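> Here is my input; please provide its structure:
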Amino acid sequence: MLALEGNQDAFAEIVYSFQDAVYNLCYRMLGEGTEAEDATQEAFIRAYNNLHRYDVARSFKTWLLSITSNHCIDRLRKRRMQYLSLDEPLPSGMALALSSDEPGPEQAAIDNERGQHIQLLLNELKPDDRAAVVYRYWYDYSYAEIADMLETTESAIKSRLFRARRLLADLYQQGLNIPADDDRPINPRLLQE
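Residues are numbered from 1 along each chain as shown. Okay, here's the model as predicted:
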């Protein structure tokens with residue numbers, strides 16, 4: 001890997017290849033677009049500064065997302081220490097393409113509202129539990145991969161996910177749910193696994 005030898009162009013290609021995955025993880029963890037952008041940049045800076053620690057036997061994406069989730073967890077802990085709210089809603093604006101394959105304005109509004117509800121549910125979880133849920137249900141990582149990224153055991157991950165699913169189901173039942181006119185479940189695996 002040329003990036004390990006200090007080739008900045010090679011690292012720029014890494015950033016280009018993984019920027020969406022890193023941003024999506026930051027967004028799901030932090031719940032706010034601007035902060036997710038900042039966290040994405042910081043995650044890549046940390047990865048670049050720690051390339052000498054990368055074990056080529058591991059997946060680079062797994063290593064990078066591990067750095068990203070740890071950074072997001074640190075940010076969430078700082079928020080909590082500063083008594084800031086974790087309930088900031090998702091940005092209200094959504095860009096719509098003119099293509100016929102894209103949802104119309106009504107569907108986009110419903111999808112945006114669903115996204116806000118999902119983020120509200122995620123915001124109720126502890127940072128470590130939130131990371132486990134995002135890895136499992138947005139990235140489809142195995143228990144072993146999640147345990148590796150969060151530096152814990154598979155049984156701890158299973159416990160976190162069980163606890164998180166139970167809390168999410170309770171919150172969902174209490175009214176933090178999808179609008180009545182939308183009968184699609186949030187994610188059947190998330191609430192039923």
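> Now do the buried residues in the host helix or strand of residue 64.
Here residue 64, judged by DSSP states H and E, is contained in helix 60-81. By neighbour count on 16 or more other C-beta atoms under 10 Å, the buried set for helix 60-81 is 60, 63-73, 75-76, 79. To be clear about C-beta, it is placed using only N, CA and C from the backbone, and glycine gets the same treatment.
> Show me what it packs onto, helices and strands only.
If contacts are counted by 3 or more C-beta pairs under 8 Å, 6 or more residues apart in numbering; DSSP states H and E, helix 60-81 sits against helix 8-30, helix 33-49, helix 127-137, helix 143-149.
> Can you add mean pLDDT and give those back as CSV?
CSV is the format used below for the helices and strands packed on helix 60-81 (pLDDT from 0 to 100):
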stretch, mean pLDDT
helix 8-30, 87
helix 33-49, 91
helix 127-137, 88
helix 143-149, 89
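> Among those helices, show me which one is buried the most.
Ranked by mean neighbour count, the helices and strands packed on helix 60-81 are led by helix 127-137 with a mean of 23 (mean count of other C-beta atoms under 10 Å).
> outside of it, which residues touch it?
For helix 127-137, the surrounding residues in contact (C-beta atoms under 8 Å, 6 or more residues apart in numbering) are 25, 28-29, 65, 69, 72-73, 76-77, 122-123, 125, 141, 143, 145-146, 149-150, 157, 160-161, 163-165, 167-168, 187, 189-190.
> again, 7 Å this time
Contact with helix 127-137 is made by 25, 28-29, 69, 73, 76-77, 122, 125, 141, 146, 149-150, 157, 160-161, 163-164, 187, 189-190, as judged by C-beta atoms under 7 Å, 6 or more residues apart in numbering.
> Determine how far it lies from the middle of the whole chain.
7 Å (C-alpha atoms, centre = their mean, to the nearest Å).
> Extract the C-alpha set from that helix and format it as PDB.
Extracted in PDB, the C-alpha atoms of helix 127-137 (Å, rounded to 0.1, in the frame of the first residue of the first chain):
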ATOM      1  CA  PRO A 127     -22.500   5.700  22.600                       C
ATOM      2  CA  ASP A 128     -21.000   2.100  22.700                       C
ATOM      3  CA  ASP A 129     -24.400   0.600  22.200                       C
ATOM      4  CA  ARG A 130     -25.100   3.000  19.400                       C
ATOM      5  CA  ALA A 131     -21.900   2.100  17.700                       C
ATOM      6  CA  ALA A 132     -22.700  -1.600  17.900                       C
ATOM      7  CA  VAL A 133     -26.200  -1.100  16.400                       C
ATOM      8  CA  VAL A 134     -24.900   1.100  13.500                       C
ATOM      9  CA  TYR A 135     -22.200  -1.500  12.700                       C
ATOM     10  CA  ARG A 136     -24.600  -4.400  12.900                       C
ATOM     11  CA  TYR A 137     -27.600  -3.000  11.100                       C
END
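> Using PDB, write out every CA atom in the helix holding residue 64.
C-alpha atoms of helix 60-81 as PDB (Å, rounded to 0.1, in the frame of the first residue of the first chain):
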ATOM      1  CA  PHE A  60      -8.400  -1.400   6.000                       C
ATOM      2  CA  LYS A  61     -12.000  -0.400   6.100                       C
ATOM      3  CA  THR A  62     -12.500  -2.200   9.400                       C
ATOM      4  CA  TRP A  63      -9.500  -0.400  10.800                       C
ATOM      5  CA  LEU A  64     -10.600   3.000   9.500                       C
ATOM      6  CA  LEU A  65     -14.200   2.600  10.800                       C
ATOM      7  CA  SER A  66     -12.800   1.500  14.200                       C
ATOM      8  CA  ILE A  67     -10.900   4.800  14.300                       C
ATOM      9  CA  THR A  68     -14.000   6.700  13.200                       C
ATOM     10  CA  SER A  69     -16.300   5.100  15.800                       C
ATOM     11  CA  ASN A  70     -13.900   5.700  18.600                       C
ATOM     12  CA  HIS A  71     -13.600   9.300  17.600                       C
ATOM     13  CA  CYS A  72     -17.500   9.600  17.500                       C
ATOM     14  CA  ILE A  73     -17.800   7.900  20.900                       C
ATOM     15  CA  ASP A  74     -15.300  10.400  22.400                       C
ATOM     16  CA  ARG A  75     -17.300  13.300  20.900                       C
ATOM     17  CA  LEU A  76     -20.500  11.900  22.400                       C
ATOM     18  CA  ARG A  77     -18.900  11.600  25.800                       C
ATOM     19  CA  LYS A  78     -17.700  15.200  25.600                       C
ATOM     20  CA  ARG A  79     -21.200  16.200  24.800                       C
ATOM     21  CA  ARG A  80     -22.500  14.400  27.800                       C
ATOM     22  CA  MET A  81     -19.900  16.000  30.000                       C
END
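> Perfect, I'm done here.
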